[in-house]
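**Q** Sequence first, then the predicted structure:
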Amino acid sequence: MTLETGRRLPAFARSTARLVRRVVVFARRRAVAFNELWKHSLQFRVTVSTLALSSAVVFVLGMVLQNQITERLLDTKRTAAVAQTRAAAETAAGELVGLGSETDEALTNRLQNALKKIAITPTSQDAAGSAAGTFVPVLASGGNGQPGAKPPSSAGPFENVPPRLRQFVEADQMSFLEHTVPDDTGGGRTTYLIVGTPLSTVSTPLQLYLLFPLTTEQNTVSTVQNTLLVGGLVLLLLLAGITNLVTRQVVRPVRQAAAAAEQFAGGDLDQRLAVLGEDDLAKLAVSYNGMAASIQRQIRQLEEFGGLQRRFTSDVSHELRTPLTTVRMAADVLHASREQFPAGLARSTELLVDELDRFEALLGDLLEISRLDAGVEELAAEFIDVRPIATRAVEQVRVIAGNAGSSVELVLPEEEVIAEVDARRVERILRNLLANAVDHSEGKPVVLTVGANETAVAITVRDHGVGLRPGEADLVFNRFWRADPSRNRRTGGTGLGLAISQEDARLHGGELDAWGEPGNGACFRLVLPRQQDVPAGDPPLVLPPPDRFATEVPLGVIDVASAPEAIFAEREGIGQ
């Protein structure tokens, strides 16, 4: 191999590899496109399925018809060939009467003359009246007692007779066989139906073979195959077209119904389906229109009821502000002079002030939730560090945490966590979460963790108290919902804190979710985007928390309740 040839081979291999890769990529893309079309198009699935099943049926029917036609042609050919062979045997026996001790040359001449006589014998007919067609006769003398051996004398193309047929005929059995032999020109092959019979009427053992070419039958079978193939393809195309048309008539109204339902779900409550005719699809359209009209009426009733409810809540809250202010002033005067009252009256004054505090907090929450429902709240967001917000929230619940016997730990990152948030709302969210965690911690530690990545800030509040039963994680944000109304609650909440917190999180473009297990505590996670116009993406802190089975607070945290001044101090070696 020359150097130039050696250089060409790697180039050819690379081009072949590129071609193979392109073919593979193209096949994968086609497969993906087919899979997507199969999953999303009912019309395509029905058409392809019908075409596949029809192809199987047409193939089976075609094979059955072809086999039946081929067998019928061959049976007819064999019957006529056997009858023709018997007639030719009688003719040959008459020409070879007296055959005895001739020399080989004389025997060959008599066999040649007998072949000529057979060739000009009128074509015999079978019971159905059809002729076997043209044939090539062969005469041969016996095989000297050795079946299949080369005869001493023969006339005609004896080499075309297969040995296995000669064995049966030389054993005095009339037999036939289909055999393919090369043409004399060497350009092709011809299949013959060869019928052999012994000539038992002469003294010398002789065998007669008639070679009937099956060219006509092969042409007939080929024509039948082509006809079945073309007819099957045309039938499949017609079936595919008919199936596609019929399926489209059914699928089109379904697609229209799906599009109308999607628009209806998107807020277009006036979307309806056109009713054409009185068939099943028309009944479906009538039913859908009735359902849509009923849903529209109910939605409007709910909107009107919700508006009335929000307006009632707002009006009542505002109206109660004035008498509450008056009662608050009187209660403050009594509370300031409680030392001059008897013990029972002084205690009643303290209870009055405490309940007024709760009532005022409830009114504030009602006003806040009514403004959120009305959509009049605005977000005063600015880029600030989130860590001081978390610190202030922990400081505000330190007293109630101490009264409950719980410690509050704060886990902060070393670097600043800058995000575009409304500090007042985020602090209110964290304060509500911490108060709720302390209320349910049963004296166990509460941990607030701040985490951040490039697009989001996450804050989790984890307690190790009673936890949440299955399904309660979605109910805790409902207004006035309580997991256990009979439980002694320490913080005296209004039942609106978590609902307001969730609305504040949504106002930021974030989310507030919860996790809990009975006896394993609960964890609330607040996720906020670092920029208001950038989605939060994947949160840096996960739910369930990694310490879901832990019963102790992990190392590396700061107990704000005992050492708040150490929040922003250097924390070298913590957790080591």
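**A** Yep, it's here.

**Q** Next, count neighbours for residue 50.
**A** If you count neighbours by other Cβ atoms under 10 Å, residue 50 ends up with 18. Where you see a C-beta, it was placed from the backbone N, CA and C, and this is true even at glycine.

**Q** Phi, psi for it please.
**A** phi -60, psi -40 (degrees, to the nearest 10).

**Q** Could you do residue 266 as well?
**A** Main-chain dihedrals, residue 266, degrees, to the nearest 10: phi -80, psi 0.

**Q** cool, the one 10 residues further on as well?
**A** In this entry, residue 276 is assigned phi and psi values of phi -120, psi 120 (degrees, to the nearest 10).

**Q** Then the one 10 residues further on?
**A** For residue 286, the backbone dihedrals are phi -60, psi -40 (criterion: degrees, to the nearest 10).

**Q** right, and residue 225 touches residue 66 too?
**A** Yes. Residue 225 is in contact with residue 66 according to Cβ atoms under 8 Å; the separation is 6.1 Å.

**Q** Mutual contacts of the two, please.
**A** Shared contacts of residue 225 and residue 66 (Cβ atoms under 8 Å, 6 or more residues apart in numbering): none.

**Q** Name the helix or strand for residue 197, please.
**A** Here residue 197, judged by DSSP states H and E, is contained in strand 189-199.

**Q** so what secondary structure elements neighbour that strand?
**A** helix 42-95, helix 163-170, strand 175-182, strand 206-213, helix 215-265 (3 or more Cβ pairs under 8 Å, 6 or more residues apart in numbering; DSSP states H and E).

**Q** I'd like the average pLDDT over stretch 292-311.
**A** The average pLDDT for stretch 292-311 rounds to 78.

**Q** just how off-centre is that stretch within its chain?
**A** 38 Å (Cα atoms, centre = their mean, to the nearest Å).

**Q** Return it as CSV; C-alpha atoms alone will do.
**A** The C-alpha trace of stretch 292-311 is given here as CSV (Å, rounded to 0.1, in the frame of the first residue of the first chain):
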residue,chain,number,x,y,z
ALA,A,292,-70.1,26.3,31.4
ALA,A,293,-73.1,28.5,32.0
SER,A,294,-73.7,26.9,35.5
ILE,A,295,-70.0,27.4,36.4
GLN,A,296,-70.1,31.0,35.2
ARG,A,297,-73.2,31.7,37.3
GLN,A,298,-71.6,30.1,40.4
ILE,A,299,-68.3,32.0,39.9
ARG,A,300,-70.1,35.3,39.6
GLN,A,301,-72.1,34.5,42.7
LEU,A,302,-68.9,33.6,44.5
GLU,A,303,-67.3,36.8,43.3
GLU,A,304,-70.2,38.9,44.5
PHE,A,305,-70.3,37.0,47.8
GLY,A,306,-66.6,37.4,48.2
GLY,A,307,-66.8,41.1,47.4
LEU,A,308,-69.6,41.5,49.9
GLN,A,309,-67.6,39.6,52.5
ARG,A,310,-64.5,41.6,52.0
ARG,A,311,-66.4,44.9,52.1
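
**Q** Contact partners for residue 350?
**A** Neighbours of residue 350 in contact, by Cβ under 8 Å, 6+ apart: 335, 338.

**Q** three-state assignment of it?
**A** Using DSSP: H, G, I helix; E, B strand; the rest coil as the criterion, the local structure at residue 350 reads helix.

**Q** Helix or strand next in line after the helix or strand hosting residue 400, which one?
**A** In this structure, residue 400 sits in helix 398-404 according to DSSP H and E. Note on helix 398-404: by DSSP H and E, the next helix or strand toward the C-terminus is strand 408-411.

**Q** what helix or strand is residue 383 on?
**A** Per DSSP H and E: strand 382-385 holds residue 383.

**Q** Can you give the distance from that strand to the centre of its chain?
**A** 45 Å.

**Q** Would you mind listing the buried residues in the next helix or strand after it?
**A** Where DSSP H and E defines the elements, the next helix or strand beyond strand 382-385 is helix 386-396. Residues 386, 387, 388, 389, 390, 391, 393, 394, 395 are the ones in helix 386-396 that count as buried (16 or more other Cβ atoms under 10 Å).

**Q** swap in stretch 192-211?
**A** Here stretch 192-211 shows 192-199, 202, 205-211 as buried, counting by 16+ other Cβ under 10 Å.

**Q** out of those residues, which one sits closest to residue 249?
**A** residue 193 (54.7 Å; Cβ to Cβ).

**Q** check contacts around the spatially closest residue to that closest one that is not a sequence neighbour.
**A** Leaving aside its sequence neighbours, residue 193 sits nearest to residue 212 (Cβ to Cβ, 6 or more residues apart in numbering; 4.4 Å). For residue 212, the contacting residues are 77, 81, 84, 132, 133, 134, 135, 192, 193, 194, 195, by Cβ under 8 Å, 6+ apart.

**Q** how does it look with 7 Å?
**A** Taking Cβ atoms under 7 Å, 6 or more residues apart in numbering, we find residue 212 in contact with 77, 81, 132, 133, 135, 192, 193.

**Q** Just the buried residues from the residues you listed, in PyMOL please.
**A** Selection of buried members from these for PyMOL, criterion 16+ other Cβ under 10 Å:
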select buried, resi 77+81+132+133+135+192+193
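
**Q** from the contacts of residue 212, which single one is nearest residue 527?
**A** Scanning the contacts of residue 212 for proximity to residue 527, where the rule is Cβ to Cβ, the winner is residue 77, at 85.9 Å.

**Q** what residues are up against that closest one?
**A** Contacts here follow Cβ under 7 Å, 6+ apart; on that basis residue 77 touches 132, 193, 212, 214, 217.

**Q** pLDDT check: weakest of these?
**A** residue 132 (73).

**Q** mind checking which helix or strand that one is in?
**A** For residue 132, there is no host helix or strand (DSSP H and E).

**Q** Let me know the distance separating it from residue 217.
**A** 11 Å (Cβ to Cβ, to the nearest Å).

**Q** picking up where we left off before, pick out whichever of the buried residues of stretch 192-211 sits closest to residue 326.
**A** For the buried residues of stretch 192-211, the nearest to residue 326 is residue 193 (123.3 Å; Cβ to Cβ).

**Q** Would you mind measuring from the closest one to residue 329?
**A** The spacing between residue 193 and residue 329, counted by Cβ to Cβ, is 125 Å.

**Q** now do residue 397
**A** Distance from residue 397 to residue 329, by Cβ to Cβ: 29 Å.

**Q** Read off the pLDDT value for residue 282.
**A** 79.

**Q** what about the residue nearest to it when sequence neighbours are not counted, is that helix, strand or coil?
**A** In space, and not counting its chain neighbours, residue 282 is closest to residue 275: 5.3 Å by Cβ to Cβ, 6+ apart. Under the three-state scheme (three-state DSSP), residue 275 adopts coil.

**Q** For burial, what's the neighbour tally of residue 275?
**A** For residue 275, using other Cβ under 10 Å, the count is 14.

**Q** For the closest residue to residue 215 other than its chain neighbours, give its distance to residue 458.
**A** Spatial nearest neighbour of residue 215, chain neighbours left out: residue 190 (6.7 Å); criterion: Cβ to Cβ, 6+ apart. Distance of residue 190 to residue 458, computed by Cβ to Cβ: 86 Å.

**Q** Between these two, which has more neighbouring residues?
**A** Legend: neighbour count by other Cβ under 10 Å for residue 190 and residue 458, higher for residue 458 (22 against 16).

**Q** picking up where we left off before, closest one to residue 409 among the helices and strands packed on strand 189-199?
**A** Nearest to residue 409, of all the helices and strands packed on strand 189-199, is helix 215-265, at 45.4 Å by Cβ to Cβ.

**Q** who does that closest one touch, helix- and strand-wise?
**A** helix 42-95, helix 280-336 (3 or more Cβ pairs under 7 Å, 6 or more residues apart in numbering; DSSP states H and E).

**Q** If anything else comes up later, I'll come back, but that's it for now.
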